[in-house]
Every structure is written in structure tokens, then in C-alpha cells.
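Engineer: Sharing a model that was predicted from the sequence below.
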Amino acid sequence: QVQLVESGGGLVQAGGSLRLSCAASGPFSDYVMGWFRQAPGKEREFVAAIWWSGIGTNYADSVKGRFTISREDAKNTMYLQMDNLKFEDTAVYYCAARSAVVDIQRDSEWPFWGQGTQVTVSS
């Protein structure tokens with residue numbers, strides 16, 4: 001199993017940037033890693049995922065060109081660089097881990113989750 005802890009959330013103005021981190025304990029390099037988010041009153045939605053060793057990535061259309069997912073296996077850490085933030089990016093952001101890539105954007109397919117970090121974008 002793997003345990004996940006997010007950090008880096010906060011309050012930022014629209015157009016600004018934040019970098020989220022997800023620190024993992026356990027066999028980090030064995031897992032596909034991802035980010036999801038949940039805004040108030042909405043269902044949790046997929047943001048981005050990165051394959052083992054970073055050999056592939058996948059992004060939600062809403063964040064393509066603005067967010068960048070990366071990982072450092074030597075540090076057991078994944079990142080989400082968020083640029084040109086918009087008010088609608090406001091949400092609790094969760095990191096997640098899984099062993100396969102089928103249905104990568106479906107949250108029910110991800111067994112391991114962090115506790116979440118709040119990102120608030122002021123307009």
C-alpha cells in the first residue's frame with residue numbers, strides 16, 4: 001500500500017500560479033499517480049495523471065495548457081504546477097495512486113487517496 005499527503009494549497013489571485021506536492025510512503029515508483037479535485041456542491045473530477053517513471057501523462061480538457069503534472073521517484077513525490085489559475089479552479093485537490101491505467105479518469109478506479117489540500121482562486 002501507499003500513503004499520500006498533499007501540500008502547497010492556498011489562496012491565489014486569478015492568473016496566478018501554485019505548485020501542489022504529493023508525498024508518498026511506500027513503493028511510489030510502482031504506481032500511476034493522479035490529481036483530482038472537488039469543488040463545493042460538485043462531484044470529484046479528474047485533473048491529471050502521470051504514468052510510471054513519467055512515460056506518459058493525461059490531462060482533463062479544462063486544465064490542458066495551464067497545469068503540468070510531474071513526478072520525482074527518487075523523492076517519492078508528485079507535483080502539479082498550476083499556472084494561469086481561474087476562479088473555477090477553486091476546489092479541494094486530492095492526489096491518488098493506482099496500479100493500472102484503464103479508465104484513468106474514473107475516480108472509482110483509484111484505490112489510494114490523500115486527505116486533500118484547498119486551492120482558492122480569487123477573481
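Structural biologist: Thanks, I have the structure now.
Engineer: Pick out the residue closest to the middle of this structure.
Structural biologist: residue 35 (2.1 Å; Cα atoms, centre = their mean).
Engineer: and that residue, what does it touch?
Structural biologist: 20, 22, 47-49, 69, 78, 80, 93-96 (Cβ atoms under 8 Å, 6 or more residues apart in numbering). All C-beta atoms are positioned from the backbone trio N, CA, C, and that covers glycine.
Engineer: Could you point out which residue ranges in the protein have low pLDDT?
Structural biologist: For the chain, applying pLDDT under 70 flags no range at all.
Engineer: what does stretch 59-69 contact?
Structural biologist: With Cβ under 8 Å, 6+ apart as the test, stretch 59-69 has contacts from 33-35, 45-50, 57, 78-85, 88-89, 105.
Engineer: typed the wrong thing, it's stretch 2-16
Structural biologist: Against stretch 2-16 from outside (Cβ under 8 Å, 6+ apart): 18-28, 31, 84-87, 93-97, 112-123.
Engineer: Among these, which ones are in strands?
Structural biologist: 18-25, 93-97, 112-113, 117-122 (DSSP state E).
Engineer: Narrow those to just the buried residues.
Structural biologist: 18, 20-24, 93-97, 112-113, 117, 119, 121 (16 or more other Cβ atoms under 10 Å).
Engineer: Please tell me how far residue 80 sits from residue 101.
Structural biologist: 18 Å (Cβ to Cβ, to the nearest Å).
Engineer: The two: which is more packed in?
Structural biologist: Between residue 80 and residue 101, counted using other Cβ atoms under 10 Å, the more crowded position is residue 80 (27 against 14).
Engineer: can you state the direction angle for the helix or strand hosting that one and strand 18-25?
Structural biologist: Assigned by DSSP states H and E, residue 80 belongs to strand 77-82. Put simply, strand 77-82 runs at 170 degrees to strand 18-25, going by axes from the mean of the first three to the mean of the last three Cα atoms, to 10 degrees.
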